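*Asks:* predicted model and sequence below, questions to follow.
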Amino acid sequence: MDLKLLKDFQTFLKIERNYSLSTIINYTSDLKEFVLFCNKTKIDFNINELKNDNLSRLFLIHLTSKKHANATIKRKISTLRTFYNFLKDKHSVQTNIFKSLPNIKLNHKIPKIIEPHNIQKLLNSININDNITNYRNYLIIDLLYSCGLRAQELVNLTIKNINLLTNQILINGKGSKDRYIPLHRKLSSMLKKYINHIRPKFINKKNNKGILFLITNQYGNKITTKGISYIIQKICLKNKYKGKISPHMFRHAFATVLLNNGADLRIVQELLGHNHLKTTQIYTYISDNELHRKFFYYNNIINDKMKKNKN
């Protein structure tokens, strides 16, 4: 593998595309899979070999055979298109061989959500006065749900981006898309106590790795998305909650609750940090389902009353 080529690509993503560190890591991971594929098919990862027109089709066949989800295949092909654009701009590659591949159609699945009453049960089960870990864990769930954050956004949330005077947080979202999210009064009050009194107990004075970030692990280091998933699963198991819950499901619940209570779709789009309204519109299906559920619920009540009146 040409390590210089990989480093040059990473620099290109950072400087010229202004991509976040997490995006660069994902692109690098996708590119490494392509490199492994090249090695297995006896193709050297160098400029001359990468010009082979058949390479893109062979890699697509490889991804399909791995039974990746369409969304995963689409992302990996998108990464390679970006990589070949870089090769065109910076090296002697004339054609982006991945550009000619057909677009991968996505099967839009309806997002799974947690019902608000179940989220409240999880929060109520955490005794925040018991220990500092419980207090932090309560905040993790409340921030994911009440602010509609992605797990990575919560991980990257810094102290300087929390304004308790205006009760809002600044989120550095995907694709360098920043947005402000309001905080409800209780959450703002809890954050104030956490920042001033509880968080300092987590910070390891011997290393400053987690000093900038709101949420840290028990060693005072910046928490990871896997760490957040583990905490949520642990709380769910304790509550004997059936089914797997991911951090992203709290974000789905946030969007659905807003729409069910009459929020404008454009406002929900801004709060979620979506680039395209189409991405947000998938939540309207869940909202419509809720509308039908309520309709039949109240319709049954009306019918029952009518039957009683007849009798």
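*Replies:* Received the coordinates, thanks. Numbers count the residues shown, from 1 in each chain.
*Asks:* give me the contacts around stretch 85-103.
*Replies:* Contacts with stretch 85-103, where a contact means C-beta atoms under 8 Å, 6 or more residues apart in numbering, come from 8-9, 12, 47, 50-53, 55-57, 60, 74, 77, 80-81, 84. Placement of C-beta: from N, CA and C, glycine included.
*Asks:* and the buried ones among these, selectable in ChimeraX?
*Replies:* Applied in ChimeraX, the following selects the buried portion of those according to 16 or more other C-beta atoms under 10 Å:
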select :9,12,50,55,56,60,74,77,80,81,84
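*Asks:* tally of neighbours for I181?
*Replies:* 20 (other C-beta atoms under 10 Å).
*Asks:* excluding its backbone neighbours, what's nearest it?
*Replies:* In space, I181 comes closest to C147 once its chain neighbours are excluded; the distance is 4.5 Å by C-beta to C-beta, 6 or more residues apart in numbering.
*Asks:* how about T133?
*Replies:* Per C-beta to C-beta, 6+ apart, closest to T133 is Q218, 7.1 Å.
*Asks:* ok, the one you found to N131 distance?
*Replies:* Relative to N131, Q218 is positioned 11 Å away (C-beta to C-beta, to the nearest Å).
*Asks:* show me what contacts R199?
*Replies:* Taking C-beta under 8 Å, 6+ apart, we find R199 in contact with 136, 214, 216.
*Asks:* tell me if it really is in a helix.
*Replies:* Yes. Counting by DSSP: H, G, I helix; E, B strand; the rest coil, R199 is located in a helix.
*Asks:* how about the strands in the chain?
*Replies:* Counting by DSSP state E, the chain has strands at residues 162-163, 168-172, 178-182.
*Asks:* just send these back as a markdown table, with distance to Q269 and mean pLDDT too.
*Replies:* Listed next are those as a markdown table, based on distance: least, C-beta to C-beta, whole Å; pLDDT from 0 to 100:
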| stretch | distance to Q269 | mean pLDDT |
| --- | --- | --- |
| strand 162-163 | 22 | 96 |
| strand 168-172 | 14 | 94 |
| strand 178-182 | 10 | 94 |
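*Asks:* kindly reformat those strands as a markdown table containing distance to C236.
*Replies:* A markdown table is the format used below for the strands of the chain (distance: least, C-beta to C-beta, whole Å):
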| stretch | distance to C236 |
| --- | --- |
| strand 162-163 | 27 |
| strand 168-172 | 25 |
| strand 178-182 | 25 |
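*Asks:* so what's the residue count around K4?
*Replies:* Each residue near K4 was counted by other C-beta under 10 Å, and the total is 8.
*Asks:* now do it against Y84, distance only.
*Replies:* Distance of K4 to Y84, given as C-beta to C-beta: 17 Å.
*Asks:* contact partners for Q281?
*Replies:* Contact partners of Q281, counting by C-beta under 8 Å, 6+ apart, are L265.
*Asks:* quick one: it from K174, how far?
*Replies:* On the measure of C-beta to C-beta, Q281 and K174 end up 18 Å apart.
*Asks:* cool, and L6?
*Replies:* Taking C-beta to C-beta as the measure, L6 falls 23 Å from K174.
*Asks:* again with K278
*Replies:* Remark: distance between K278 and K174 (C-beta to C-beta) = 15 Å.
*Asks:* helices and strands of the protein: which one bottoms out on pLDDT?
*Replies:* One helix or strand of the chain scores below all others by mean pLDDT, DSSP states H and E: helix 277-310, with a mean of 58.
*Asks:* nearest residue to the middle of this protein?
*Replies:* The centroid of the chain falls nearest to R150 when counting by C-alpha atoms, centre = their mean (3.7 Å).
*Asks:* now that residue. Nearest residue, chain neighbours left out?
*Replies:* Nearest to R150 is R251, by C-beta to C-beta, 6+ apart, at 6.3 Å.
*Asks:* look up how far T133 lies from the one you found.
*Replies:* Relative to T133, R251 is positioned 23 Å away (C-beta to C-beta).
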